[in-house]
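K.L.:
below are the sequence and a predicted model for it; my questions follow.
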Amino acid sequence: MMKKSKHLAPIFEVRTVTANTVIEELRKDIRQIFSEKTIDGVKPGTELDRG
C-alpha cells in the first residue's frame, strides 16, 4: 500500500496542477467573452458606430 501511494502521488499532483492551469485558462477565456459582451451591451456608442 505504501509503495503504491508513493508511486501514484506525483502522478496525481501533476494531474491536479494541469487541471488547475486548464481551469484558469478557461476562466480567462470566459472573462474575456463576458467582458466583450458586457462592453458591447453597456456602451451606448457601439450601436451608433455599427450603424
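P.N.:
Thanks, I have it.

K.L.:
what about Phe34, neighbour count?
P.N.:
10 (other CB atoms under 10 Å). Placement of C-beta: from N, CA and C, glycine included.

K.L.:
phi first, then psi, for it.
P.N.:
phi -70, psi -40 (degrees, to the nearest 10).

K.L.:
tell me how far it lies from Lys28.
P.N.:
11 Å (CB to CB, to the nearest Å).

K.L.:
same thing with Ala19?
P.N.:
The gap separating Ala19 from Lys28 is 15 Å, by CB to CB.

K.L.:
check Thr18 too.
P.N.:
16 Å.

K.L.:
so in this protein, where's the weakest helix or strand by average pLDDT?
P.N.:
Ranked by mean pLDDT, DSSP states H and E, the weakest helix or strand in the chain is helix 45-50, scoring a mean of 52.

K.L.:
shaky segments in this protein?
P.N.:
The chain contains residues with pLDDT under 70 at 1-9, 11, 36-51.

K.L.:
let's see it at 80
P.N.:
Confidence mapping of the chain against pLDDT under 80 gives the ranges 1-17, 33-51.
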